[in-house]
Structure formats: C-alpha cells, structure tokens
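Asker: Generate coordinates for the sequence data below:
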Amino acid sequence: MLAPTQYALIPDPEMWFTTLGQDTENSVGELSVQVAGPDPAGETNLEKVGRLNAARAQAEEIVRAEMERDQPDLHR
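Answerer: A predicted model of the protein is given here:
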C-alpha cells in the first residue's frame with residue numbers, strides 16, 4: 001500500500017473511492033462534451049467517433065492531471 005497511514009484515516013474507504021470514481025467519471029463526461037464541441041457541418045459518422053474519442057481521452061488526461069495536482073505529497 002502506498003500510504004497506509006493516510007488510508008487508515010479514511011472512515012469508509014469503499015464509499016470514499018466509490019464517490020471519487022463517480023465524481024471523476026462525471027468530470028470527464030462533462031469536460032468531454034466541452035472539448036468535443038458542436039458537430040461540424042458535413043462531419044461523417046467515422047469522423048464524429050474519432051472526434052468524440054479524442055475529446056474523451058483529452059478530458060481524462062486533464063482530469064487526471066488536476067487530481068494529481070490537488071493531492072498532497074504522500075512520499076515525504
């Protein structure tokens with residue numbers, strides 16, 4: 001375990017991690033829509049799938065970076 005002392009401070013780890021996962025998924029979903037933007041005129045179905053997949057990947061990267069930035073340094 002990376003940070004057993006910090007983990008022990010979580011009263012209900014299952015609920016905490018479940019909520020964290022749900023909040024993360026919501027953030028990624030909302031940001032994906034913003035990053036993807038509106039459908040361009042004349043966009044094919046294949047182009048749309050590619051654009052939406054790229055937007056999702058970018059949103060996941062942004063949310064992950066924000067989560068890492070907001071975490072305390074547990075390696076000290």
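Asker: Now do the strands in this structure.
Answerer: Read by DSSP state E, the chain holds no strands at all.
Asker: what stretches of it score poorly on pLDDT?
Answerer: Residues of the chain meeting the criterion pLDDT under 70: 1, 72-76.
Asker: Residue for residue, what is the longest helix it has?
Answerer: Taking DSSP state H as the criterion, the chain has its longest helix at helix 45-70.
Asker: In terms of secondary structure, what does it contact?
Answerer: Judged by 3 or more CB pairs under 8 Å, 6 or more residues apart in numbering; DSSP states H and E, the packing partners of helix 45-70 are helix 13-36. (Each C-beta comes from the backbone N, C-alpha and C, glycine too.)
Asker: What are the buried residues along the helix it packs on?
Answerer: By neighbour count with 16 or more other CB atoms under 10 Å, helix 13-36 contains the buried residues 27-28, 31-32, 35-36.
Asker: can you tell me how far M15 sits from G21?
Answerer: Here M15 is placed at a distance of 11 Å from G21 (CB to CB, to the nearest Å).
Asker: And for E66?
Answerer: 15 Å.
Asker: same deal with E43?
Answerer: Taken as CB to CB, the span from E43 to G21 is 32 Å.
Asker: Looking at the protein, which residue reaches furthest from the middle?
Answerer: Largest separation from the mean C-alpha position in the chain: G42, at 30.0 Å (CA atoms, centre = their mean).
Asker: State the phi and psi torsions of that one.
Answerer: For G42, the backbone dihedrals (degrees, to the nearest 10) come out as phi 80, psi 0.
Asker: Also E43?
Answerer: Dihedral angles of E43 (phi, psi; degrees, to the nearest 10) stand at phi -70, psi 130.
Asker: For it, which non-adjacent residue is closest in space?
Answerer: R51 (7.3 Å; CB to CB, 6 or more residues apart in numbering).
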